[in-house]
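1. Need coordinates for the following:
(one chain, ligands or ions: 1)
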Amino acid sequence: MPFLTAEGQTYSKGLENVVAAISAISAIDGKEGILIYRGIDIEALAKHSNFGESSYLLLFGDLPNKHELEHFCADLFGARELPENVVNCLKSLPPDPHPMDILKLALAHAALYDPDKNRMNRKAKIRKAIRIIAQLPTITAFYHRARQGKEFIMPNPELDHAANFLYMLSGKEPDPEDAKIFDIALVLHLDHGLNASTFSALVTASTLSDMHSAIVSAIGTLKGPLHGGANERVLDMLEEIGRPEKAEKYIMNALKEKRKIMGFGHRVYKTMDPRAKILKEYAIKLSDKYNDRRLIDIALKVEEVMKREVSKKGIYPNVDFYSGIVYKFLGIPKDLYTPVFAIARVVGWTAHVLEYTEANRIFRPRVLYNGPIDREYIPLEQRP
Ligand code: CMC
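-> Have a look, this model is predicted:
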């Protein structure tokens, strides 16, 4: 039977080690723990760049000159407001859904009013990408205000992407040092090869569906606890552990019960994720700055026990382990940690959609059928 043969086909559970696309956007060296965006080490970008410049680099391939950067930021800052119907809809939503579900809903809603909704050429795709990147922080902040019964804080064109988001959440201009740390956290999350949500965006875009649909698919994929949803669960775990002295017992029990420790492990990295290294520094810095080491001391103890127990299997902290502690000190509520991941990763999603659809081919893998064959159809009245 042709549908039973696996000749010429390969199977890899979870597509492990399968190369499904060619890309010049970012690359990971999982053994050495290196991540590059368009050839530039993430450490250098975290130190010297910022959200606007690194986003331009990912979307267009090169660092912008002064004029290009000003132009790009003006486009980005000018696109932050949402269509009126979306704003009204955000006011009428119940307060309990997970904000990732609101992100999907509001972005799909905004797509209906996008001025380029019927255009599929590259320039229109870029304009849509910029609008989506600009609007996700506004959606997140507006929903957060609406669910508390508070007035919306309109975007402030004087503030950059990171500072403006913190401002729209709280209504207060953030401390510049904190806003810079948030900007660095966004830079670290911008792109990461063919991760699950980026793949999702590409599968949707490869059917020649539109940019908004691709990003809505990606948001749904990022939500899961094995991907972007891990950052909130790390905070749940640290809070559940409660005190550094309790970390050893908690982790040993979890490992014995074969439970996954959130914020650890990665399909590609077999050493510490370079983003986690940088976020760890800032988590320590903020804990000292705000004189509250409760969570960081638990996290450091968890890392120590995990290192002793499972590092030989290549399990180390990933980007999600320390990011939540950073966000907590920046005043971001826990259920917005994954939306914050989306606010950054949308740059990678859109960059990959732009790149892939230039030389598009629909994704259409095969499934290896292992069910029964040659079964007879039994009419309903004769079935037991
Ligand atoms: N805690 C304990 N054991 C682990 C963990 C963990 N976090 N991660 C992997 N392992 C073990 C796993 O039990 C398995 O052991 P064994 O071979 O004895 O059965 C082995 O390592 C391989 O695990 P896997 O689940 O087959 O690995 P994968 O490549 O399919 O999954 C992963 C990668 C990230 C989903 C997984 O490590 C995990 O579930 N981690 C926790 C969730 C998490 O932190 N996710 C964020 C990922 S990074 C940011 C992002 O992409 O969003």
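2. Could I get the contacting residues of Ile28?
-> Counting by C-beta atoms under 8 Å, 6 or more residues apart in numbering, Ile28 touches 34-35, 192-193, 268-269. C-beta coordinates here come from the backbone N, C-alpha and C atoms, glycine included.
3. Spell out which residues of the chain are next to the ligand.
-> Neighbours of the ligand within the chain, by C-beta under 6 Å from any ligand atom: 14, 195, 226-228, 230, 260-267, 310, 313, 315, 318-320.
4. ok, back up a step: among the contacts of Ile28, name the ones in strands.
-> Counting by DSSP state E, these place 34-35 in strands.
5. And the buried ones among the contacts of Ile28, selectable in PyMOL?
-> Of the contacts of Ile28, the buried ones can be selected in PyMOL as follows, counting by 16 or more other C-beta atoms under 10 Å:
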select buried, resi 35+192+193+268+269
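6. Nearest to Gly242 among the contacts of Ile28?
-> Tyr269 (28.8 Å; C-beta to C-beta).
7. so who does that closest one touch?
-> For Tyr269, the contacting residues are 28, 30, 33, 314, 316, 318, by C-beta under 8 Å, 6+ apart.
8. Rebuild the residues you listed as TSV, extending it with secondary structure.
-> Below are the contacts of Tyr269 laid out as TSV (DSSP: H, G, I helix; E, B strand; the rest coil):
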residue	secondary structure
Ile28	strand
Gly30	coil
Gly33	coil
Gly314	coil
Tyr316	coil
Asn318	coil
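9. quick check, nearest of those residues to Lys289?
-> Distance ranking of the contacts of Tyr269 against Lys289, using C-beta to C-beta, places Asn318 first at 24.4 Å.
10. Roughly how far does the closest residue in space to Gly61 that isn't next to it in sequence sit from Pro97?
-> Closest residue to Gly61 apart from its sequence neighbours, by C-beta to C-beta, 6 or more residues apart in numbering: Arg38 at 6.0 Å. Separation of Arg38 from Pro97 (C-beta to C-beta, to the nearest Å): 36 Å.
11. So which of these two has more stuff around it?
-> Arg38 (19 against 13; other C-beta atoms under 10 Å).
12. Show me what residue of this structure gets nearest to the ligand.
-> Gly265 (2.3 Å; C-beta to the nearest ligand atom).
13. Enumerate every residue touching that residue.
-> 315-316, 318.
14. Closest to Ile133 out of the residues you listed?
-> Proximity of those to Ile133 (C-beta to C-beta) peaks at Asn318, which lies at 23.8 Å.
15. does that closest one really touch Asp273, like I thought?
-> Yes - counting by C-beta atoms under 8 Å, Asn318 does reach Asp273; the two are 4.6 Å apart.
16. In terms of neighbours, single out the busier of those two.
-> Comparing Asn318 with Asp273 by neighbour count (other C-beta under 10 Å), the higher total belongs to Asp273, at 28 against 23.
17. if we can go back for a sec, I'd like the contacts of Gly265 laid out as JSON lines, including pLDDT and distance to Met306.
-> Putting the contacts of Gly265 into JSON lines (pLDDT from 0 to 100; distance: C-beta to C-beta, whole Å) gives the following:
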{"residue": "Ile315", "pLDDT": "97", "distance to Met306": "7"}
{"residue": "Tyr316", "pLDDT": "97", "distance to Met306": "8"}
{"residue": "Asn318", "pLDDT": "96", "distance to Met306": "11"}
